[in-house]
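S.K.: Quick one: sequence plus predicted model below, questions after.
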Amino acid sequence: MQINIIQAVLIGILSYLGSLSCPWALGLTGGWYTLSRPLISGFLIGLIMGDVQTGIIVGVAVQVVYIALVTPGGQMPQDLNAAAYIGVGLGIMAVRSNATVESAVAIATAVGAIGTIFHNFMMMTNSFWNARAMKCAENGDYKGLAFNHWVGPQVLQFCYRVIPTVAILYFGQGLALEVTAMFPVDSFVMRALTAIGGMLPAVGVAILLKQVTKKNIEIVRFLFGFALVAALGINMITIAIFGAFFAYSYYLYTQKDNTVKVSAASDDMEEEL
């Protein structure tokens with residue numbers, strides 16, 4: 001699948017709108033927490049490139065890797081935006097060239113790791129605008145403050161996001177396709193990428209389980225769901241419905257238990273009085 005310059009520019013603009021410090025797509029809600037999710041970017045890139053199905057398949061696979069990614073204070077262990085747009089874009093082209101989805105996941109993850117360097121460099125250069133904004137505030141220059149707070153940093157971020165995305169997707173697509181053609185699906189390189197890409201989603205799920213469970217024994221609940229899928233062959237939507245039922249039942253049970261405890265405590269207080 002070839003990508004033209006207009007498609008590359010559209011993907012680059014989406015990359016900018018979904019970046020961490022861009023306020024134009026409803027702030028973090030519409031930008032970082034929506035547009036920069038690989039599931040969403042995969043759909044949008046697939047829509048632009050004319051292959052929504054492949055876009056969603058690659059986006060979902062990459063999303064699982066980053067499902068537990070957190071960015072405290074803007075600090076990113078991996079550049080999710082680069083993985084979501086550059087990585088997923090290259091992954092879609094690779095899959096269209098007979099590569100496996102797992103290899104596309106490995107490519108996207110590698111792009112996310114490299115993108116962290118550019119993100120940190122962008123954050124460092126933005127300190128220039130902060131210094132200018134503080135100086136304008138001290139001098140009462142409100143127009144200068146507005147420019148250094150809104151315009152300057154956004155122009156710089158637009159260049160940092162759009163230019164690399166467009167350059168890699170448009171000018172680097174030939175190299176990516178040639179590399180894919182050099183290593184068939186049954187080659188050692190592609191088998192290695194497939195193995196690595198297959199393990200990465202498991203790492204993402206494991207990190208998520210570590211965050212949402214208070215005790216290690218609670219992982220048994222998740223293992224029960226995986227066992228249902230493996231033993232009964234049911235799909236993920238069905239298992240999600242089962243999970244919602246048990247979660248709601250557990251919620252009602254805990255609410256009832258708390259109500260009984262509050263009532264008992266109130267009766268004890270009345271007896272003491």
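M.R.: That came in fine, so what should we check first? Numbering: from 1, shown residues only.
S.K.: Could you use CA atoms for every contact and neighbour count after this?
M.R.: Noted.
S.K.: could you check the distance from Tyr253 over to Ala247?
M.R.: In this view, Tyr253 and Ala247 are 10 Å apart by C-alpha to C-alpha, to the nearest Å.
S.K.: Next: Ala202.
M.R.: Counting by C-alpha to C-alpha, the separation of Ala202 from Ala247 is 23 Å.
S.K.: the helices in the stretch 1-150 of the chain, which residues?
M.R.: Secondary structure of the stretch 1-150 of the chain (DSSP state H, counting those that start in this stretch): helices located at 5-17, 27-30, 38-49, 52-65, 80-82, 88-96, 101-139, 142-146.
S.K.: closest to Leu208 out of these?
M.R.: Nearest of those to Leu208, taken as C-alpha to C-alpha: helix 52-65 at 9.7 Å.
S.K.: hang on, the earlier thing: can you check which of the helices of the stretch 1-150 of the chain gets nearest to Leu228?
M.R.: Closest to Leu228 of these, according to C-alpha to C-alpha: helix 52-65, at 19.8 Å.
S.K.: rewinding a little: minimum distance to Thr238: which of the helices of the stretch 1-150 of the chain has it?
M.R.: Judged by C-alpha to C-alpha, the one of the helices of the stretch 1-150 of the chain that comes nearest to Thr238 is helix 52-65, at 17.9 Å.
S.K.: what is the orientation angle of the closest one with helix 88-96?
M.R.: Using axes from the mean of the first three to the mean of the last three C-alpha atoms, to 10 degrees, the direction of helix 52-65 lies 120 degrees away from that of helix 88-96.
S.K.: Show me which positions of helix 52-65 end up buried.
M.R.: Across helix 52-65, burial judged by 16 or more other C-alpha atoms under 10 Å covers 52, 54-65.
S.K.: Name the next helix or strand downstream of the worst-scoring helix or strand of the chain on mean pLDDT, please.
M.R.: None of the helices or strands of the chain scores lower by mean pLDDT, DSSP states H and E than helix 173-182, at a mean of 67. If you walk from helix 173-182 toward the C-terminus, the next helix or strand you reach (DSSP states H and E) is helix 188-212.
S.K.: Which SSE is immediately downstream of that next one?
M.R.: As assigned by DSSP H and E, the chain's next helix or strand after helix 188-212 is helix 219-232.
S.K.: what sits up against that following helix?
M.R.: Under the criterion C-alpha atoms under 8 Å, 6 or more residues apart in numbering, residues Leu209, Thr213, Ile234, Asn235, Met236, Ile239, Gly243 lie in contact with helix 219-232.
S.K.: Now do that helix against helix 188-212, angle only.
M.R.: 130 degrees.
S.K.: Return the set of buried residues in helix 219-232.
M.R.: Neighbour-count burial for helix 219-232, with 16+ other C-alpha under 10 Å as criterion, is recorded at Gly225.
S.K.: center of the protein, which residue is that?
M.R.: The structure's the chain has its C-alpha centroid closest to Arg37; by C-alpha atoms, centre = their mean the separation is 3.8 Å.
S.K.: Show the backbone phi and psi for it.
M.R.: Arg37 adopts backbone torsions of phi -80, psi 130, taken as degrees, to the nearest 10.
S.K.: for Asn235, same thing?
M.R.: According to degrees, to the nearest 10, Asn235 has phi -80, psi 170.
S.K.: Tell me who's in contact with it.
M.R.: Residues near Asn235 by C-alpha under 8 Å, 6+ apart: Val229.
S.K.: Please report how far it lies from Pro201.
M.R.: Look at Asn235 and Pro201: by C-alpha to C-alpha, they are 18 Å apart.
S.K.: Equivalent analysis for Gln53, please.
M.R.: Gln53 is 20 Å from Pro201, where distance means C-alpha to C-alpha.
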